[in-house]
Every structure is written in C-alpha cells, then in structure tokens.
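Enquirer: here is a sequence with its predicted model. Questions after.
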Amino acid sequence: MVLNEFEYNTYKLSFIIEEITYLSMKFACTLTIGNRQLATIPIYAKEKPSKSTLALCKHPSKDAYFIILFNNQNPHGKKYQVTRNVLSVRTNFVSEGKATLQFEAPPHDFYIQTKEVLQLKVFLHAVRCSIQGVSSGNPIASSFNVTPSSVKNLLPTKLIIKKRSDYPANGFPRTLEHLKINDIGRASLDQGILKLSRLVSLDLSHNCIEFLPNEFSNLTGLQELNLGNNMFGKGSPAQWGWISGSVAKNLKLLDLCHNTLAFLPDNFIKFTRLITLHLDHNELKSLPSGIGNMSCMQVFTVSYNLLESLPGTVKRWKLSNIDLSHNKFTIHRGNDSETPAVKHLRLCSLKEYSGKAVLNYKLHYAPGTIPATLIRYLERAKYCICGKACFDVFILGVDRLYLQAIAKNYTHTSESPRIPISCHFCSVHCLMKYKMRFAIT
C-alpha cells in the first residue's frame, strides 16, 4: 500500500474510524497474567507472556459486560466480568503500548503489551465506558459467541514521498517496512526514521544529505539502503560512524552512486554481509585494502571513478557480476608483477601484535570499551592476501588479476585483459606462498 500525505491522512482517519467500529472489541496482544493471591508467597508466580485475544462482550439478556480471553491455555475462551468487577485500569505507559487491568474476582492482573498503541487506547476506552455503564458509541458484541482472531495490520507498510507536500505531518507509521524519500532536497536524516524498527529498505536517493547520524546504526532490520545522488563526498571520515552495530551486520544492499566520494572510510569493511555494492560515478582513487574480506559480496560496481588498481584481497571474491569500466587502471609493459626481494621483516610493536589479535580473532570492541585512538588505529589496518590484518609492518607488491578469476560476468574498458592489484603481505611466508601459487617472478 503506497500513500501520499493527503491519502495517508485520509487513510489514517478512516483507519481510526474502522478500528473503533470493527476492531475495538476484539484486540490481539501479548498478555501476562498475575495472580495477586500468590503475592505473599516467596515466589510470585506469573504466567509466561502469551499471544492472546481479548474480546469485550455484553451479556445478551443482562446489563453486564465481560472480557473473554483466548490463548493457547484457553482456546475456547475464559470469561472475566467487567461490570462491578474491575478494580483499576492502569494506563501510565499506554503510549508505549502497555496497560494493566486488575480484576476483583478472580484476583488476576492482566499485563497487556502491544505495538498497536491506537488499538490499545480504543479498547481501554471501551472497557472504561463498560465499567461506568456509559455507551462508548461503538458496537459491542451482545453474545458470547466470539472466536479469537489475529488483528490485521491496516497501517501501510510502504510509503513513497516524492515532494514535500507528501511528507506526513504527524510522523511515520511505525509499521513501515519500505520507505522512499526522493527529490525533496533533504539535507539531513529525519529523526523519525530512527524509530522505525520494522524498516527493511530505505531509499533516500536524489537529496542533499552529507552524512547520517551515528544512531542510524541501531536500525536492526534494515537490509537495503539507497543513498545515491546525495552529497556524502562532502562529509569527513569522522561522519561515517553509523557504519557499525546492527546496520553493519545486517545490510545486504548499499547504493552510494553519484556522491562525489573521494574515499571510503576505513571502517567500510564492517559491512560483513553486504551482497550488492554500487559505487559508480564517484571520484574514488582507491578502495579499502580489506574490501576483499567482505565474503558475501556478489555484485560490485565501481564504474566511472579514478581507480588505478584494486586491493589484493579481491582475489578472495567469487562474484556473479563486477563492473570496473571507465576507470584509470595503469598498463605496464613487460613484467606485470613487482614484489621486492625480502628475506626478513622487522619485529612488530606490541601495539601492532595486539591489534592483529583483536582483528584476526574478531574480538568485539566498541566506543566506550577502549579509547577512541585505539579504535581509529584498528580501523586503519591493511589486510594481507591471506585475509589477516597488518599495520606498519608488511610487504607491498603489485600484481595483475584476470577478472574472470573472481567474477562470472565482468565489464571493464581497459586495453589489457588484466587489472592491476596492490597486494599487502603480512609476512615473508605469505609472500613466498603467494609467489609459488601464482608464479610471481
């Protein structure tokens, strides 16, 4: 369901009316039941939270109201009298989707939780009216012949905004899974997006955004992010702190085309599950040396940039598609491979040994657990052909790569069928092993 703002506001109003008319008397939630008779026992037993349906009904022949509970323990329903039997209705946290109903007999407390705050408020309003004997203006079932059902989510899951008048004045529906905001000249991220816990795909292309806030990393469900045609090239390396947390672990598609990017931040390789990456039409002269460690990569496009070589770690890739067209890959005549004759490397510092251990064993670290200077040190690591990290002690070599060795389908405009790669070697052993395997002279 895709709505502009007028349709959205009209829809929201009709949704409220429809909720009051049809759904207010049958309400799906997560329910925990507490027994106050057990409060004096050392272990105050509560039932485990369960998915339940609460139905508010009127006795067919008496002026009395009941709530019927349906769950796995009560598949046929259990009646709780509302009239002259509800001690209190606690709504201190109703805006968070939480409420409590206390019954006199049996002495049970209903601890209600739901993400549908509007439905909860309408249901509680009807319960209060039933307690007071006042009509709520809403139809209430006059029979106990009620069956449980899941309340369908009527709020939209997809919203497209293509002009400022489409922007929802009252905020985004929390049920959104797909959101597109294009061509409206936004210069920053709407903070309301950070509250969309169900968001799966976000398209912010064709705006004027220079960076995302660090809190963006907390979007746990986000899998697709389109930031194309923005101004991320104007941002500083410090403004890429959002590449961490849940977003870095879960993102599968990222589009950064047309952003005048002159660099990718060192922490870019934290996108460990990225499958598709588009970096076309930028000003990139190099890529992070550890980009080849992004082992889930399948589609990689970086056309129309200024690349002269690729990191050696890309030899680890097994892609379905790669596009390297319209770059500045250098062409050397004669010997394509250049590696220095090194027999020994100097000893690493304790700091470098520690950094290697943290990265190679994938030990968790985060701001607040170690100093910021150490985090920056870890993020600037280079990566060997073998996939291990190195910092100041390494061997640098140049080789050539046939694209068919790493991708089923490839596109490039170089005169040579091979692309230059810049290789880091963490040890003499890795260098010799590489020479033997790929016959470097």
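Expert: Yes, it's here. Numbers count the residues shown, from 1 in each chain.
Enquirer: give me every residue that touches Ile181.
Expert: The contact partners of Ile181, taken as C-beta atoms under 8 Å, 6 or more residues apart in numbering, are Ile161, Asp190, Asp203, Leu204, Asn207. Just so you know, the C-beta spots here come from the backbone N, C-alpha and C atoms, and that holds for glycine as well.
Enquirer: where does the prediction get shaky in this structure?
Expert: Counting by pLDDT under 70, the chain shows low-confidence ranges at 1-24, 39-46, 135-155, 331-343, 438-441.
Enquirer: which residues of it fall in helices?
Expert: 5-18, 117-132, 245-250, 350-360, 372-379, 428-438 (DSSP state H).
Enquirer: will you turn the ones you listed into a markdown table that also has distance to Val398?
Expert: Formatted as a markdown table, the entries for the helices of the chain read as follows, by distance: least, C-beta to C-beta, whole Å:
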| stretch | distance to Val398 |
| --- | --- |
| helix 5-18 | 56 |
| helix 117-132 | 60 |
| helix 245-250 | 31 |
| helix 350-360 | 24 |
| helix 372-379 | 25 |
| helix 428-438 | 12 |
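Enquirer: please name whichever of those is nearest to Asn230.
Expert: Relative to Asn230, the nearest member of those by C-beta to C-beta is helix 245-250, separated by 16.6 Å.
Enquirer: out of the helices of the chain, deepest packed?
Expert: Each of these was scored by mean neighbour count; the highest is helix 117-132, a mean of 19, by mean count of other C-beta atoms under 10 Å.
Enquirer: from the middle of its chain, how far away would it be?
Expert: The chain centroid and the centroid of helix 117-132 are separated by 34 Å under C-alpha atoms, centre = their mean, to the nearest Å.
Enquirer: can you pull the alpha-carbon coordinates of it into CSV?
Expert: Below are the C-alpha coordinates for helix 117-132, written out as CSV (Å, rounded to 0.1, in the frame of the first residue of the first chain):
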residue,chain,number,x,y,z
VAL,A,117,-1.0,1.8,20.6
LEU,A,118,-4.1,3.1,18.9
GLN,A,119,-5.9,-0.2,19.2
LEU,A,120,-5.0,-0.5,22.8
LYS,A,121,-6.3,3.0,23.6
VAL,A,122,-9.6,2.3,21.8
PHE,A,123,-10.0,-1.0,23.7
LEU,A,124,-9.3,0.6,27.1
HIS,A,125,-11.8,3.4,26.3
ALA,A,126,-14.5,0.9,25.6
VAL,A,127,-13.6,-1.0,28.9
ARG,A,128,-13.9,2.2,30.9
CYS,A,129,-17.2,3.0,29.3
SER,A,130,-18.4,-0.5,30.2
ILE,A,131,-17.3,-0.1,33.8
GLN,A,132,-19.2,3.2,34.1
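Enquirer: for it, name the packing helices and strands.
Expert: Of the remaining helices and strands, those touching helix 117-132 by 3 or more C-beta pairs under 8 Å, 6 or more residues apart in numbering; DSSP states H and E are strand 26-35, strand 50-58, strand 65-70, strand 86-90, strand 98-103.
Enquirer: right, I'll call it a day here.
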